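Asks: Predicted model, plus sequence, below.
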Amino acid sequence: MSTQQSRSAAKVMLAPAVVLLMAWMLVPLSMTLYFSFKKYLPLRGGDLGWVGFDNYTRFVSSSSFWPAIGTTLLIVGGVLFITVTLGILFSLLLNQPFWGQGIVRIMFIAPFFVMPTVSGLVWKNMFMDPVNGFFAHLSRAFGSEPIQWLSQESILSLTIILSWQWLPFATLILLTAIQSLDSEQIEAAEMDGARLLGRFWFIIIPHLARAITIVILIQTIFLLAIFAEIFVTTAGAFGTKTLTYLIFQRVLESQNVGLGSAGGVYAIILANIIAIFLMRIVGKNLSD
Amino acid sequence: MSHIHLKDVSKKFGDTEVIPPLNLEIKDGEFVVFVGPSGCGKSTLLRLIAGLEDVSSGRILINGEDATEVSPAKRKLAMVFQSYALYPHMTVRKNIAFPLRMAGLSSTEQGKKVEDAAKVLNLSEYLDRKPGQLSGGQRQRVAIGRAIVREPQAFLFDEPLSNLDAALRVGMRVEISELHKRLATTMIYVTHDQIEAMTMADKIVVLQNGRIEQVGTPLDLYRSPLNVFVAGFIGSPKMNIIEGPQASKYKSASIGIRPEHIAISDSTGTWKGTIGVSEQLGSDTFFHVKCEFQDQSITVRAIGGLELAYGQTVFLTPEKEHLHRFDKDGLRIK
Ligand SMILES: Nc1ncnc2c1ncn2[C@@H]1O[C@H](COP(=O)(O)OP(=O)(O)OP(=O)(O)O)[C@@H](O)[C@H]1O
Ligand SMILES: [Mg+2]
């Protein structure tokens, strides 16, 4: 694959894909940039000309901006923490031989195939509804007042819903990683005097480090963009407005495309900061 | 320093009995080699001693104390695995220090012991590398280093040399033997290579299908194998086993004669045959001689570079005092 000729042939053959990919990425990106410098109100006069960095300053100085950033980080961080912790636990469990292992593994992946809108609605109506929800019944059975999940504990509720959705993904990746752990290494550690926790901490966790960073990286990218779950449950109320949701409100509810685009650019910057940060860690783990 | 005693130990995986009840005594400071064909239960037996598998019945005594239910770490044995089982994310230093760290030693003590072990094993230059950056032989030494820093009661080796090339294997064989001489700790060594067994062992345990066929010093096994299996397994090239009328002459069901105990001549002798393939080693020559009374050719060792042509008629004379006689059950006739 690396003679002079095969390399230049490879370049030629890759070219169409690269061009397509660039167009695919660059067109929306440059349009977002273009609109972010304009006052553009589709239902209130349309294109009202260039405004410089006005949209950017207005987006940041809006009272919803910093809370939205906070909410985003809180939800992403919470979901990552829960899915990685439980993912490690469940992958360890699923790796143990037990009766019906195959079926249980398949069932376990199921939540991942439920569409976000559906899962949001199911959780909202069947579990977290303060009157008819499962949790409400449960607390009444114990004689306590049901929690108004989506209004009182809105961020926690969303974190639970999203974790439920993403746990299978994390578990699956971690399970395949655990399966590649040489059993002799565990046995060696056992003979070296490492107890259960020692083996977990010194052998299993380092072995999983790479898989964990990959789970974090991929999930972060998707979690930064969650929308449907918020839309169908709280519709951005009760402090659940994330950056994505705020942009949606600016563009569609306030019909301010320019302001929304500026928000979009901020989102791109935020995503890139996080991505660079994570790539560093992944890169470090992958090169070892 | 330890004395290991297996009493009626057996092992079943589900319904299949891999090791029928067996008894074995390993004395303090002995170098014991378990040898046998693939799948005969050598590794299983070693893992039973290590505590990595539970016995199905019987008891394991270490220094006279019942260790059957004791966890692997508390048995104070160290094991070197066939795959080395080094921890890939740790440097050589950390790998070797791991058992000490688990034992709660201070980092200065750890450092000192690691340095000492590294010096013994010629690993000092590699202490800050990861196992992935080492050659097979170096990894092997790290695995041994990790075992010796613990100052265990006994070392268990499971085919530690099988992943190395032939030249390195000979070198490591000597190194392990020297280590045993210096530490004078009990070592149990598993191999399927009878040359390793012969050259290293104080005592060889020959296994077949989980049963112990014979226990003895290398020379015991060479000179007086208890049955046809041991006779065929120990010694290289293999002992010639002859059945039928030629064996009846010696009042036995089969007779065995080693290649080095047959005289070859082109004029006179007991058995007449023709030369088949000959293997020249320089110091010795091995002739495969076809005799009319035996389908399998008889291997003969001649000292020096004796040259006999393919198809030439020769005469073989077994040395009577080195003839082994076996009854119809394959057991040695005294
Ligand atoms: N976990 C297990 N479950 C079921 N059977 C097993 C298990 N481990 C080993 N066996 C069986 O036990 C027998 C002995 O295996 P063992 O690994 O002890 O052989 P060995 O003498 O070490 O062979 P080798 O020289 O190939 O390593 C084999 O027939 C093997 O199939
Ligand atoms: Mg084995």
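Replies: All right, it came through fine. Ligands and ions are numbered 1, 2, ... in the order given.
Asks: Contact residues of the stretch 101-250 of chain B facing chain A?
Replies: Contact residues, the stretch 101-250 of chain B versus chain A (C-beta under 8 Å from any C-beta of the partner chain): B:102-103, B:130, B:146, B:150. Backbone N, C-alpha and C define where each C-beta goes, glycine included.
Asks: Pull out the buried residues from those.
Replies: Listed as buried from those are B:102, B:130, B:146, B:150; burial here means 16 or more other C-beta atoms under 10 Å in any protein chain shown.
Asks: Among those, name the ones in strands.
Replies: Among those, none falls in strands (DSSP state E).
Asks: Check whether the residue of the stretch 1-150 of chain A found nearest chain B sits in a helix, strand or coil.
Replies: Per C-beta to the nearest C-beta, residue A:97 is where the stretch 1-150 of chain A lies closest to chain B, at 12.8 Å. Following DSSP: H, G, I helix; E, B strand; the rest coil, we place residue A:97 in the coil state.
Asks: one step back: which of the residues of the stretch 101-250 of chain B next to chain A sit farthest apart?
Replies: B:103 and B:130 (23.1 Å; C-beta to C-beta).
Asks: Point to the residue nearest the middle of the chain.
Replies: Using chain A. Among the residues of chain A, the one closest to the centroid is residue A:223, at 1.9 Å (C-alpha atoms, centre = their mean).
Asks: ah, no, chain B please
Replies: The residue lying closest to the centre of chain B (C-alpha atoms, centre = their mean) is residue B:197, at 3.2 Å.
Asks: thinking that residue is in contact with residue B:190, fair?
Replies: No. Assessed by C-beta atoms under 8 Å, residue B:197 is found out of contact with residue B:190, at 9.7 Å.
Asks: overlap in contacts of these two?
Replies: B:33, B:35 (C-beta atoms under 8 Å, 6 or more residues apart in numbering or on different chains).
Asks: Is the nearest residue to residue B:215 once chain neighbours are set aside in a helix, a strand, or coil?
Replies: The spatially closest residue to residue B:215, leaving aside those adjacent along the chain, is residue B:205, at 5.1 Å (C-beta to C-beta, 6 or more residues apart in numbering or on different chains). Secondary structure assignment for residue B:205 (three-state DSSP): strand.
Asks: tell me the pLDDT at residue B:205?
Replies: Among the per-residue scores, residue B:205 shows a pLDDT of 95.
Asks: Please apply the same query to residue B:247.
Replies: You'll see residue B:247 listed with a pLDDT of 87.
Asks: Next one: it relative to ligand 1, how far apart?
Replies: As judged by C-beta to the nearest ligand atom, to the nearest Å, residue B:247 and ligand 1 stand 31 Å apart.
Asks: how far does the helix or strand harbouring that residue sit from the chain's center?
Replies: In the assignment (DSSP states H and E), residue B:247 maps to helix B:245-248. Centre-to-centre, helix B:245-248 and its host chain are 33 Å apart (C-alpha atoms, centre = their mean, to the nearest Å).
Asks: Which one of the buried ones among the residues of the stretch 101-250 of chain B next to chain A is nearest to residue B:285?
Replies: Using C-beta to C-beta, these come closest to residue B:285 at residue B:146, 44.6 Å.
Asks: And for residue A:106, the neighbour number?
Replies: Around residue A:106 sit 9 other residues, with neighbours defined as other C-beta atoms under 10 Å in any protein chain shown.
Asks: Now do the helix or strand where it lies: everything it contacts.
Replies: According to DSSP H and E, residue A:106 maps onto helix A:101-109. The contact list for helix A:101-109, computed with C-beta under 8 Å, 6+ apart, reads A:90, A:94, A:98, A:168, A:171-172, A:175.
Asks: Quick check: next helix or strand after it?
Replies: Taking DSSP H and E, what comes next after helix A:101-109 is helix A:116-122.
Asks: quick one: contacts of that following helix?
Replies: Here helix A:116-122 makes contact (C-beta under 8 Å, 6+ apart) with A:111, A:114, A:161, A:164-165, A:226, A:228-233.
Asks: still on that earlier bit, which outside residues touch the helix holding residue B:247?
Replies: So helix B:245-248 is contacted by B:253-255, B:271, B:293-294, B:325 (C-beta under 8 Å, 6+ apart).
Asks: sec struct for residue B:116, please.
Replies: Relying on three-state DSSP, one would call residue B:116 helix.
Asks: What ranges does the chain have for its helices?
Replies: No chain was given, so I picked chain A. Ranges of helices within chain A are A:4-36, A:54-61, A:65-95, A:101-109, A:116-122, A:134-141, A:149-152, A:154-179, A:183-191, A:196-199, A:205-223, A:228-233, A:243-248, A:257-287, based on DSSP state H.
Asks: Not quite, go with chain B.
Replies: For chain B, the helices defined by DSSP H cover B:42-50, B:92-102, B:107-120, B:136-148, B:166-183, B:194-200, B:218-223, B:228-233, B:245-248.
Asks: So residue B:317 versus residue A:105, what's the distance?
Replies: 69 Å (C-beta to C-beta, to the nearest Å).
Asks: How about residue A:128?
Replies: Distance of residue A:128 to residue A:105, computed by C-beta to C-beta: 28 Å.
Asks: These two: which has the busier surroundings?
Replies: Per other C-beta under 10 Å, whichever of residue A:128 and residue A:105 has more neighbours is residue A:128, with 24 against 15.
Asks: show me where pLDDT drops low in the chain?
Replies: Chain wasn't specified; assuming chain A. Where chain A drops to pLDDT under 70, the residues are A:1-2, A:282, A:285-288.
Asks: oops, chain B please
Replies: For chain B, the ranges with pLDDT under 70 are B:1, B:305.
Asks: Contact residues of it facing ligand 1?
Replies: Within chain B, the positions near ligand 1 by C-beta under 6 Å from any ligand atom are B:13, B:18, B:36, B:38-44, B:192.
Asks: can you list those residues in a markdown table and add neighbour count?
Replies: Output for the residues of chain B next to ligand 1, formatted as a markdown table (neighbours: other C-beta atoms under 10 Å in any protein chain shown):
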| residue | neighbour count |
| --- | --- |
| B:13 | 11 |
| B:18 | 19 |
| B:36 | 25 |
| B:38 | 7 |
| B:39 | 12 |
| B:40 | 21 |
| B:41 | 22 |
| B:42 | 24 |
| B:43 | 18 |
| B:44 | 19 |
| B:192 | 18 |
